[in-house]
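>>> A predicted structure for the sequence below; I have some questions about it.
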Amino acid sequence: MKLPTPRLLERYRKEIVPELVKIMGYKSVMQAPRLKKIVINMGVGEAITDIKFLEKSMEELAMIAGQKPVMTRSKKAIANFKIREGQPIGCRVTLRRQRMYEFLDRFISVALPRIRDFRGLSADSFDANGNYTIGITEQGVFPEIDTDKVTREQGMDVTIVMNSRSKKESYELLKLLGIPFSAAGGSASGGKTQKG
C-alpha cells in the first residue's frame, strides 16, 4: 500500500523548488538543494552512573522520531569525566525520506512554537557544508512526550543535512520550508534579512 506523500514534501516539490530556482537563478530544477537526512542526537552524561537514564532517553527519542534510535558509545576514554572507551553515552536516530519530512513538519509547526520565549532561530548555526544544527534544551517541546511523566530534562541536537553547495542555498531552502529564523540573525550570507 502506497503511503500518502507528506504535506511538506508535496510543498517542496510544487512550491519551494520553483521559488528556489527564481531566487538563486538556477538553469534547471535539478540544481535546487534538497534535504538528505535529519539526525537527532542526545548526549546522556548521566548514563555513566546509571544506564536507566539512557534507556529512558532512548524511549523518548523513539516517540519523538517515530523510529528506534541507536545507542552511541564513547570513542575514547576521558579520565576527567570517568568515561571509558566504548561506554554508552547517548543515542541517535537518522531520519530519511518520508519520515524526515513528517518529522520536520511537526518540528516547525508544533515543537518550535512551544519553546519558551522563542524568538526565532539563529542563521549562524550552519556548518561549512551548509548543514544546520538546532539545539533543543528539553524534550517536553515535542507533543509526543507526556510532560507529567518526564523525570529529568533532556536536551538534543537536531541536524538537518542538505545537498547544497553553499550556506546561502541551505538558508533559502530552510526559510522556504518554514524554519523561523530570527530577524536579528541576518541571512547566512552575513547580511541582514529584510522583512518583505
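Yep, it's here.

>>> neighbouring strands for the worst-scoring helix or strand of the chain on mean pLDDT, and are they parallel or not?
Least confident helix or strand of the chain, by mean pLDDT, DSSP states H and E, is strand 70-73 with a mean of 74. When pairing is defined by DSSP bridges, strand 70-73 lines up against strand 88-95 (antiparallel).

>>> how far off strand 88-95 does the next helix or strand after the strand it pairs with point, in degrees?
Sequence order places helix 97-106 as the next helix or strand after strand 88-95, per DSSP states H and E. Regarding helix 97-106 and strand 88-95, their directions subtend 100 degrees when assessed with axes from the mean of the first three to the mean of the last three Cα atoms, to 10 degrees.

>>> Extract the CA atoms of helix 97-106 and return them as PDB.
C-alpha atoms of helix 97-106 as PDB (Å, rounded to 0.1, in the frame of the first residue of the first chain):
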ATOM      1  CA  ARG A  97      12.700  10.200   3.000                       C
ATOM      2  CA  GLN A  98       9.000  10.300   4.200                       C
ATOM      3  CA  ARG A  99       9.800  10.200   7.900                       C
ATOM      4  CA  MET A 100      12.300  13.100   7.600                       C
ATOM      5  CA  TYR A 101       9.600  15.400   6.000                       C
ATOM      6  CA  GLU A 102       6.900  14.300   8.500                       C
ATOM      7  CA  PHE A 103       9.300  15.000  11.500                       C
ATOM      8  CA  LEU A 104      10.400  18.400  10.100                       C
ATOM      9  CA  ASP A 105       6.700  19.400   9.500                       C
ATOM     10  CA  ARG A 106       5.800  18.600  13.100                       C
END
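
>>> Show me what it is packed against.
helix 7-11, strand 35-43 (3 or more Cβ pairs under 8 Å, 6 or more residues apart in numbering; DSSP states H and E). C-beta: built from backbone N, CA, C; applies to glycine.

>>> will you turn the ones you listed into CSV that also has distance to Arg114?
What follows is the helices and strands packed on helix 97-106, written out as CSV (distance: least, Cβ to Cβ, whole Å):
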stretch, distance to Arg114
helix 7-11, 18
strand 35-43, 16
